[in-house]
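*Asks:* Whatever this is, show me its structure:
(2 chains)
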2 protein chains.
Amino acid sequence: MSANVDENFLRTQRVGHLATVDARGRPVVVPFCFVYDGKAFYSSLDEKAKKVSPEKLRRTQNIRVNPEVALVIDHYEEDWGKLKFVLIRGRARILYSGKEHGRAIELLREKYAQYRSMRLENRPVLKIVPWRIREWTAE
Amino acid sequence: MSANVDENFLRTQRVGHLATVDARGRPVVVPFCFVYDGKAFYSSLDEKAKKVSPEKLRRTQNIRVNPEVALVIDHYEEDWGKLKFVLIRGRARILYSGKEHGRAIELLREKYAQYRSMRLENRPVLKIVPWRIREWTAE
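*Replies:* Next up is the predicted model:
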């Protein structure tokens, strides 16, 4: 973690955007909910807005072919002097069960009340370990 | 354009997220302001939050190596029953001058008052022509 990055911003923002790359080298990007524990980002492959099983999700298929991902966490407002974004580049893998999987679900439920009534235990968790974190601000 | 996509949503949303892929096949994603004219998306490589020249911007370098891009335009709120996103996959190229470049700047200034006092004429415009547009809603 670079000393210049606002870690609290990364922990508290409600939605990020995750980019993966398909087998033909073409990007895909989706909004996603996540938690950050200071070392890795975790996201549940929950049922929200998904019409296919976790295994058939494009992001899952892409990560299997190419684990390199990028995610951006940003703040937009009409006063462009206050724009800010943090770009995270990292490698992703999918957790299906175990202690880290369970802990990620706990953290997700702490941050998002919406998850407290959803069954997540049987859904995979995406883990992203950053190799670079960079922050941009308009100032 | 698929009949199921909310074109007005694409025209009026204030910020989208653009993914490109670098020469090593790794994605990058950034927030961006854009206009949509029903056929293509346009974005100015303006000076907002950029510390390097347009030619040195990663997205410019990436598009030169790989024109395939993805962009997502979404609506987030805490009521997850109202989540919505549109994923656009397409090919990008950079316009430096000419009629289409000028028209894109006009459209950007109509949509974003912030651009009316910024010098955009000498800045490149990113043009993205979609080959697929898909909408997801929580319902």
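*Asks:* how about the helices in chain A?
*Replies:* For chain A, the helices defined by DSSP state H occupy A:7-12, A:58-65, A:99-111.
*Asks:* ok, the nearest residue to A:Pro54 once chain neighbours are set aside - contacts?
*Replies:* Spatial nearest neighbour of A:Pro54, chain neighbours left out: A:Leu45 (4.1 Å); criterion: CB to CB, 6 or more residues apart in numbering or on different chains. The C-beta positions use only the backbone N, C-alpha and C, and glycine is treated the same way. Residues near A:Leu45 by CB atoms under 8 Å, 6 or more residues apart in numbering or on different chains: A:54, A:57, A:59-60, A:94, A:123-126.
*Asks:* now do 10 Å
*Replies:* Neighbouring residues of A:Leu45 by CB atoms under 10 Å, 6 or more residues apart in numbering or on different chains: A:32, A:53-55, A:57, A:59-60, A:94, A:120, A:123-126.
*Asks:* thinking again about what came up before, of the helices of chain A, which shows the lowest average pLDDT?
*Replies:* Comparing mean pLDDT over the helices of chain A, the weakest stretch is helix A:58-65, at a mean of 90.
*Asks:* Mind checking if that helix is in reach of chain B?
*Replies:* Yes - against chain B, helix A:58-65 shows contacts by CB under 10 Å from any CB of the partner chain at A:58, A:62, A:65.
*Asks:* where does chain A dip in pLDDT?
*Replies:* Along chain A, the parts satisfying pLDDT under 70 run over A:1-3, A:49-51.
*Asks:* in stretch A:131-139, what's buried?
*Replies:* A:133, A:135-136 (16 or more other CB atoms under 10 Å in any protein chain shown).
*Asks:* Can you give me the neighbour number for the residue lying closest to A:Ile63 once chain neighbours are set aside?
*Replies:* Distance criterion CB to CB, 6+ apart; nearest residue to A:Ile63, sequence neighbours excluded, is A:Ala92 at 4.8 Å. By other CB atoms under 10 Å in any protein chain shown, 23 other residues sit near A:Ala92.
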